[in-house]
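1. Any chance you could fold what I've pasted below:
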Amino acid sequence: MNTRIVRAAAATLILGVVLVACGESAGTSSGASGGSAAASGASGGHDPCSLLEPKEVEAVMGPLAGPPFRTHDSPEDNAPDANGKVCVYETADFSNIRLSVEWEDGAMLLKAVSLPGRIVGGVVPESQSGRLDTPTAAKETITKNILPGGVQIAGEWDEAMALGCCQIFALRGDTLVTFDFRGWRDDMRGAASVLDKALVRIDKPLSIDGRAGNDAAAKREAQRPAKRDACSLITRAEVEAILGPLLADPETKSKDNSDCWYRFTQAESENSTLKDAPEAFKSILGGLTGGKTGLVSGAVDTAITITWRGGFRAMHDGQMVAGGAAGAFNGLPGMPAREAGKLEGPWTEASQTSLTFTAVKKDVAVSIDTVPMLSNKQVEIRRKLVTAIIGKI
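-> So this is what the prediction gives:
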């Protein structure tokens, strides 16, 4: 049997088990809201905000909007929770870093988190005495090469691993600290420098009460942009000024009205490889593909999607799913070189991947599809639509 297929199947199965196990060990968001301190992950009176001085976080994030505060396990939002096991450091634009601590059994939890990747990579050895031991070479990879591109960085940890662009799991003794900066920006080195300061305080935490910041955080939470129907953010006339005449009324296809679809006639790409093809052929192709390839003119649907809470995190998760940089498809036959550069606009941060363009303002993300075959001009038109919409946030 193909060993790669076996590994992939095993990784899928174990990943499901790990996610369930981690969810049970961390507790659910509903449990954290009203349960005891032990049930919420605040076992033994430990405070997740007691490992860092706010000024240490400000050294990389900039000024915080208020003192750190505690929240629940779910990263979907940062609603304050007095018994929450996660500490949040938040700026005025709602960008944030989340730090959580498993004070016991951290070594076992780190193995669980890293297990799927090690199985797929084929580095997990035969089990000895019921334990899965990391080989020396693999352990060195997990311990030192945590930065993208294999950049080495020293740290006050026994083991550490990175997940995606913006999460670090670091073990010191039997305590596991999770540093989640998906809500901030892709700065692995800056995040690691802050995390290093937290780890050395595990044995002697600071006398910081994370609950002290919850009232101020609740007031800021109430100031977040109100959720609205995506199609109500911009008028049809404003859309047509960017895309051209619409072929149908804008419509939402999601239950929560977080998306809006626009049907318009997309012009042929200025660099189309079919530019000199017979018009009859291009007409047939446009009818079959709906103009989605960008190579020929045709009716096409494009959709904007709004993420009203956790927009920074959603953008960084999207980068990981899309394979990272916009140039992932550069150099492939028929694929235009996607231009990204410095994306300036009425947003806090923006990202162009090979699949989508996303802009974030006040932790609200506005995304639009930009499939690889689209030309830079076609992508720019879609970016203009996002620019107009995010200006309404």
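
2. Counting by contacts, list what the longest strand along the chain packs against.
-> Under DSSP state E, the strand in the chain containing the largest number of residues is strand 298-307. Applying 3 or more Cβ pairs under 8 Å, 6 or more residues apart in numbering; DSSP states H and E, one finds that strand 298-307 contacts strand 259-266, helix 279-289, strand 364-369, helix 376-390. Backbone N, C-alpha and C define where each C-beta goes, glycine included.

3. got the angle between that strand and strand 364-369?
-> Strand 298-307 runs at 160 degrees relative to strand 364-369, counting by axes from the mean of the first three to the mean of the last three Cα atoms, to 10 degrees.

4. if we can go back for a sec, out of the helices and strands packed on strand 298-307, the one nearest residue 165 is which?
-> strand 364-369 (15.2 Å; Cβ to Cβ).

5. export that closest one as PDB, just CAs?
-> Taking Å, rounded to 0.1, in the frame of the first residue of the first chain, the C-alpha atoms of strand 364-369 are listed here in PDB:
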ATOM      1  CA  VAL A 364     -13.400  43.800  10.100                       C
ATOM      2  CA  ALA A 365     -12.200  42.000   7.000                       C
ATOM      3  CA  VAL A 366     -13.500  42.600   3.500                       C
ATOM      4  CA  SER A 367     -12.500  39.900   1.000                       C
ATOM      5  CA  ILE A 368     -13.000  39.400  -2.800                       C
ATOM      6  CA  ASP A 369     -12.000  36.600  -5.100                       C
END
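
6. Show me the strands paired with that strand, marking each as parallel or antiparallel.
-> The strands beside strand 364-369 in its sheet (DSSP bridges) come out as strand 298-307 (antiparallel), strand 356-361 (antiparallel).

7. Just name the most buried of the ones you listed.
-> strand 356-361 (a mean of 25; mean count of other Cβ atoms under 10 Å).

8. Helix 376-390 and that one, what's the angle between them?
-> Strand 356-361 and helix 376-390 meet at an angle of 30 degrees, taking the same axes, to 10 degrees as the criterion.

9. Mind listing residues that contact strand 356-361?
-> Contact partners of strand 356-361, identified using Cβ atoms under 8 Å, 6 or more residues apart in numbering, comprise 93, 311-312, 314-315, 318, 322, 343, 345-351, 365-370, 379, 382-383, 386-387, 390, 393.

10. Could you check stretch 249-267 and say which residues are buried?
-> For stretch 249-267, the buried set under the neighbour-count rule, 16 or more other Cβ atoms under 10 Å, comprises 250, 252, 258-264, 266-267.

11. First-to-last residue distance for that stretch?
-> Chord length of stretch 249-267, first to last residue, is 20 Å (Cα to Cα, to the nearest Å).

12. pLDDT averaged over that stretch, what's the number?
-> Regarding stretch 249-267, the rounded mean pLDDT is 93.

13. Then stretch 220-230?
-> 94.

14. Return the alpha-carbon coordinates of it using CSV.
-> What follows is stretch 220-230, C-alpha atoms only, in CSV (Å, rounded to 0.1, in the frame of the first residue of the first chain):
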residue,chain,number,x,y,z
ARG,A,220,-14.4,48.9,23.6
GLU,A,221,-16.2,45.8,22.4
ALA,A,222,-19.4,47.8,22.3
GLN,A,223,-17.7,50.3,20.0
ARG,A,224,-16.9,47.8,17.3
PRO,A,225,-18.6,48.4,13.9
ALA,A,226,-22.2,47.1,13.9
LYS,A,227,-22.9,44.1,11.7
ARG,A,228,-24.9,45.0,8.6
ASP,A,229,-26.0,43.2,5.4
ALA,A,230,-23.1,43.1,3.1
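
15. Buried residues, it. List them.
-> Those would be 220-221, 225, 230, for stretch 220-230 by 16+ other Cβ under 10 Å.

16. Which of those fall in strands?
-> Filtering the buried residues of stretch 220-230 for strands - DSSP E - leaves nothing at all.

17. for the stretch 101-250 of the chain, what are the low-confidence residue spans?
-> Within the stretch 101-250 of the chain, the set of residues satisfying pLDDT under 70 comprises 116-154.

18. ok so, going back, max pairwise distance over the buried residues of stretch 249-267: which two?
-> 258 and 267 (28.3 Å).

19. Tell me which of the helices and strands packed on strand 298-307 lies nearest to residue 180.
-> Nearest to residue 180, of these and by Cβ to Cβ, is strand 364-369 at 16.7 Å.

20. what's the average pLDDT for the closest one?
-> On average, strand 364-369 scores 95.

21. per-residue pLDDT, residue 75?
-> Looking at residue 75, the pLDDT reads 72.

22. Repeat that for the one 4 residues further on.
-> In the predicted model, residue 79 carries a pLDDT score of 90.

23. Number of residues surrounding it?
-> The burial count assigned to residue 79 is 18, neighbours taken as other Cβ atoms under 10 Å.

24. Quick check: it touching residue 222?
-> No: with contacts counted by Cβ atoms under 8 Å, residue 79 stays clear of residue 222, the gap being 10.4 Å.

25. Please name the bridge partners of residue 96.
-> Where residue 96 sits in a bridge, its partners, by DSSP bridges, are residue 90.

26. Hmm, residue 310 and it touching each other?
-> No: look at residue 96 against residue 310 with Cβ under 8 Å: they stay out of range, at 9.3 Å.

27. about what we covered before: among the buried residues of stretch 249-267, pick out the one closest to residue 46, please.
-> For those, the nearest to residue 46 is residue 258 (36.7 Å; Cβ to Cβ).

28. quick one, what contacts the closest one?
-> 230, 252, 305-308.

29. Could you export the residues you listed to CSV, including columns for distance to residue 184?
-> Shown next, in CSV, are these (distance: Cβ to Cβ, whole Å):
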residue, distance to residue 184
230, 25
252, 30
305, 21
306, 20
307, 16
308, 18
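
30. Of the residues you listed, which is the nearest to residue 105?
-> Among these, and counting by Cβ to Cβ, the member closest to residue 105 is residue 307, at 33.5 Å.

31. Mind jotting down where the strands sit in the stretch 51-200 of the chain?
-> Along the stretch 51-200 of the chain, counting by DSSP state E, counting those that start in this stretch, strands occupy 69-71, 86-90, 96-102, 159-163, 167-172, 175-180.
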